[in-house]
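# The following comprises the amino acid sequence and a computationally predicted model.
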Amino acid sequence: MKRIELDIVALSHSMTQSHNYAVVLGERRGQRRLPIVIGSFEAQAIAVAMERMVPNRPLTHDLFKSALDTFDIKLKEVVINNLLDGIFYARLICVKNGEIFEIDSRTSDAIAMAVRFECPIFTYDFILEAAGVILEEQESGSGVSTSVSEPDMQFDTAALEHYSMDILQKRLSEVLEAEEYESAAKIRDEIKRREQKS
């Protein structure tokens, strides 16, 4: 299976679920993005590490990193290795005394640890094919356009089955431009569902 390296490209508040966030991973050499819905605690853990903030007391992920460091275990890489029923699965690939071993992890926790260890994040092509969205950048005279279109507030992501494929494709582009990655994931899933049925 082809492995693809990912970077964290965004961490945004969910537009539809008040206590959830979306971490968006982008393939290093491509246009596909992988939005993953995470909880507020995990979003905070990722943000704290990305901003190099030092909390008064260690967060759980800081504690786990300290434990690994104490026992001379290095986190080599994180692999998002599966997607089942809309749930992402990940593994921590660790090294101790030259021996490689894997630890099962929630994807959000794995990303939080990857930021702390500054190690690469990988996934497989089949996961990006199933759950990735393509970010279409519009070029202008001075480079990539950063304009954001105002989303259509009448569009109901809870009733996607009632919209035509053309409307879904158009709306997918709009929510991606507006960085509403959770809505994009829902629309993408509906499009994939229909394509599999046809």
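Looks like it arrived, so ask away. Numbers count the residues shown, from 1 in each chain.
# ok, and V175, which helix or strand is that part of?
Per DSSP states H and E: V175 is located in helix 165-177.
# Actually, A114.
Per DSSP H and E, A114 falls inside helix 107-117.
# Show me what that helix packs onto, helices and strands only.
strand 20-27, strand 32-39, helix 40-50, helix 60-70, strand 74-84, strand 87-96, strand 121-124 (3 or more Cβ pairs under 8 Å, 6 or more residues apart in numbering; DSSP states H and E). To be clear about C-beta, it is placed using only N, CA and C from the backbone, and glycine gets the same treatment.
# how does it look with 7 Å?
strand 32-39, helix 40-50, helix 60-70, strand 74-84, strand 87-96 (3 or more Cβ pairs under 7 Å, 6 or more residues apart in numbering; DSSP states H and E).
# ok, residues contacting it?
Residues from elsewhere that reach helix 107-117 (Cβ atoms under 7 Å, 6 or more residues apart in numbering): 8, 23, 36, 38-39, 42, 45-46, 49-50, 61, 64-65, 75, 78, 80, 88-90, 92, 121.
# Only whichever of those are buried, select them in ChimeraX.
Per 16 or more other Cβ atoms under 10 Å, the buried members of the contacts of helix 107-117 correspond to this ChimeraX selection:
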select :23,36,38,42,45,46,49,61,64,65,75,78,80,88,89,90,92,121
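# sorry, back to before: for the helix or strand just after the helix holding V175, packing partners?
Following helix 165-177 in sequence order, the next helix or strand is helix 181-197 (DSSP H and E). With contacts taken as 3+ Cβ pairs under 7 Å, 6+ apart, helix 181-197 sits against strand 20-27, strand 32-39, helix 165-177.
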